[in-house]
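Peer 1: No sequence on hand, only this structure:
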């Protein structure tokens, strides 16, 4: 296992405090809706509106600021990398697809990133880094990204124990980091991942025990739209995660409405995926208490 409990614990002293100690509480209305205690952790109240600032900040301490950092992103990872790069005086070149939220593109540029739209963002980012001597930063690959996200697990561990933790699965850094801490400190909670049914590559790969390229039918949850799993990330998930379930776009829409109506929080589709999974798979997700993460902010 290349994720370290010691590095996750130490990360709490290294990551910008603006991303840490996010609100977490048991919500009575969600608990009533699902017939069990629901602990909510809100990761949207920070300068980039998502949990990605934890892992990108930690990784940035390892990257050479004299070279350009290059990434492909659905928006949140690029914002996190740009935010960390600004603190270190590094340049960031970001490649996105045409369907990435214009608001996220604007925020990346406002933070200081150079953003280019491409039909094949991953290939464009790789070629750009190779041609210009940049550092290709791939979400899900670097252990530090998952270890930074693992600080969420540290914070969850301070709450009353829960029977299950439901975590969104995009590139896999979030769930592997959270699961590494939880499984290493208290193995009782089940860690359940949630993928979009229109982008099932991670779920299919988890079930098969090997990376599988799956295009899928597409999903409104762009942050979960993974088609080519990172082998290193999949290996961590296979070792740490108990199960992965699927939700469809209608599940996500209903969950977004439920979160807005009960918590007054606007989340993007991927941000509501844990709530969607709890609604869709109530009979298969065990326990009297469950934790869910609101991972990314939505737009009014």
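Peer 2: Looks like it arrived, so ask away. Keep in mind that this is a model prediction, so the values were computed, not measured.
Peer 1: For residue 201, grab the count of nearby residues.
Peer 2: 22 (other Cβ atoms under 10 Å). Backbone N, C-alpha and C define where each C-beta goes, glycine included.
Peer 1: dump the residue contacts of the residue lying closest to it once chain neighbours are set aside.
Peer 2: Spatial nearest neighbour of residue 201, chain neighbours left out: residue 214 (4.0 Å); criterion: Cβ to Cβ, 6 or more residues apart in numbering. By Cβ atoms under 8 Å, 6 or more residues apart in numbering, the contact set of residue 214 is 199-201, 204-205, 227.
Peer 1: Go through the helix or strand residue 131 falls within and flag the buried ones.
Peer 2: Using DSSP states H and E, residue 131 maps to helix 121-132. By neighbour count on 16 or more other Cβ atoms under 10 Å, the buried set for helix 121-132 is 121-122, 124-126, 128-129.
Peer 1: Give the other helices and strands that it contacts.
Peer 2: Using 3 or more Cβ pairs under 8 Å, 6 or more residues apart in numbering; DSSP states H and E, the elements in contact with helix 121-132 are strand 69-72, strand 92-96, strand 135-136.
Peer 1: who touches it?
Peer 2: Taking Cβ under 8 Å, 6+ apart as the rule, helix 121-132 contacts 68, 70-73, 93-97, 116, 118, 134-136, 228.
Peer 1: Could you do stretch 92-102 as well?
Peer 2: Contacts for stretch 92-102 (Cβ under 8 Å, 6+ apart): 68-75, 78, 81-82, 85, 105, 108, 112-119, 121-122, 124-125, 128, 134, 222, 268, 299.
Peer 1: Can I have the buried ones of the residues you listed as a PyMOL selection?
Peer 2: Only the buried entries of the contacts of stretch 92-102 go into this PyMOL selection, using 16+ other Cβ under 10 Å:
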select buried, resi 68+69+70+71+72+73+74+75+78+81+82+85+105+108+113+115+118+121+122+124+125+128+134+222+268
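Peer 1: quick one: residue 133 and residue 66 touch, right?
Peer 2: No: using Cβ atoms under 8 Å as the test, residue 133 is too far from residue 66 to be in contact (10.2 Å).
Peer 1: biggest helix in the protein, by residue count?
Peer 2: Scanning the chain for the helix with the most residues, using DSSP state H, yields helix 249-263.
Peer 1: how about that one: buried residues?
Peer 2: 249, 251-252, 254-256, 258-259, 262-263.
Peer 1: Likewise for stretch 288-300?
Peer 2: Of the residues in stretch 288-300, those buried (16+ other Cβ under 10 Å) are 289-298.
Peer 1: related to what we said a few turns ago, now the buried residues of helix 249-263 as TSV including distance to residue 142?
Peer 2: Below are the buried residues of helix 249-263 laid out as TSV (distance: Cβ to Cβ, whole Å):
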residue	distance to residue 142
249	30
251	31
252	28
254	35
255	30
256	30
258	34
259	30
262	36
263	32
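Peer 1: With distance to residue 30 and pLDDT as added columns, please give those residues in TSV.
Peer 2: Output for these, formatted as TSV (distance: Cβ to Cβ, whole Å; pLDDT from 0 to 100):
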residue	distance to residue 30	pLDDT
249	21	98
251	15	98
252	16	98
254	13	98
255	10	98
256	13	98
258	8	98
259	8	98
262	5	96
263	7	97
